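Engineer: prediction below, plus the sequence it came from.
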Amino acid sequence: MFRIDHGSPRKLWVPVDRTTGASLYVGQLVQMGGTSFNGAAPLAAANGAADTSGAQIIYGVVCGTNYKTPVFLATYGQYAAPAASQADQLSVVKLGVEGMHPKGDPQVMVEVDVIDAKTVLTGDICNATQGVAPSVVTVTTGSTTGAGMTTGAIDFTPVANMNTFYCRSGANKGIYRVSKTTSTTVHTFDTYWPYDIAVGDTFVAVPMKQGQSYVQINETAGYLGTCFDCSDSPATNYFQIDVLSLDLREAGKETVTFMFNPIHLCAAR
């Protein structure tokens, strides 16, 4: 899931889009632009470089719902489902709404942390699906210079100098290096690992690095925009983010702290 680290200009209560019919989850990235939606809708996967074909405008991150009694789904957590008819709107008690919408309005709404060019976010890095950790790979051919290694297959086809390896076990444990590899199994590094790489050492790799990176969100039907997908090679379709830091220390808790490039906040690409 995603959460605001700092820098959101404000929180707002907004209707849940009924046109797409998608539920919204706390921690999900949403959009509200164009003629396709009548409220907040899930951010779709990027289409083209920097989403130039999709041209979505990222609005914010869901941080609450107006259900009096919260509802939850395993893995994805608290959510709100859209409702159209009078009966469906009135069947669930709502409360807590502020701003332009009156407190007695039974429309399904979510609270959104709005994103602007200065907003810093933290997001989960998952293997295709929220809750599935990036794969840990084991070294099969090591190196006495730290210049490279061969491992089991990582989760994605790398773009040179746009991916990061982290050592989970071995002499280099705790250290990060950017790889120039384009192979899923044979990895080389311009900045060598400082200690010998031995057979049996373990690493985890993600398709992003500190600085400008290309990333794709998960495309799980019904749960779009709940994590960054480390199984997707960011060669053709991707969002641009500015990575501040990666945390790959613990399996299942891999995260990235970042800002969206301002191109994703503009109507014109």
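Structural biologist: Cool, the structure landed. Residues are numbered from 1 along each chain as shown.
Engineer: what segments of the stretch 1-150 of the chain are helices?
Structural biologist: 86-90 (DSSP state H, counting those that start in this stretch).
Engineer: just the strands in it please.
Structural biologist: 2-6, 11-15, 24-25, 29-31, 41-42, 58-65, 71-73, 77-80, 109-114, 120-126, 136-141, 148-151 (DSSP state E, counting those that start in this stretch).
Engineer: dump those strands to CSV, plus distance to Phe258, mean neighbour count and mean pLDDT.
Structural biologist: C-beta coordinates here come from the backbone N, C-alpha and C atoms, glycine included. What follows is the strands of the stretch 1-150 of the chain, written out as CSV (distance: least, C-beta to C-beta, whole Å; neighbours: other C-beta atoms under 10 Å; pLDDT from 0 to 100):
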stretch, distance to Phe258, mean neighbour count, mean pLDDT
strand 2-6, 9, 16, 96
strand 11-15, 20, 19, 94
strand 24-25, 20, 26, 96
strand 29-31, 12, 25, 96
strand 41-42, 19, 25, 94
strand 58-65, 12, 23, 96
strand 71-73, 26, 12, 94
strand 77-80, 21, 20, 94
strand 109-114, 15, 23, 96
strand 120-126, 6, 21, 97
strand 136-141, 23, 16, 98
strand 148-151, 26, 21, 97
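Engineer: those: which one's closest to Gly170?
Structural biologist: strand 136-141 (7.5 Å; C-beta to C-beta).
Engineer: who does that closest one pair up with?
Structural biologist: strand 148-151 (antiparallel), strand 202-206 (antiparallel) (DSSP bridges).
Engineer: against Ala160, how distant is the residue nearest to Val186 when sequence neighbours are not counted?
Structural biologist: Distance criterion C-beta to C-beta, 6 or more residues apart in numbering; nearest residue to Val186, sequence neighbours excluded, is Thr150 at 5.3 Å. Distance, Thr150 to Ala160, using C-beta to C-beta, to the nearest Å: 17 Å.
Engineer: any idea how far Thr140 is from the residue nearest to Val186?
Structural biologist: Counting by C-beta to C-beta - Thr150 and Thr140 are separated by 5 Å.
Engineer: who's the closest spatial neighbour of Val112, skipping the chain neighbours?
Structural biologist: That would be Gly60: by C-beta to C-beta, 6+ apart, it lies 4.1 Å from Val112.
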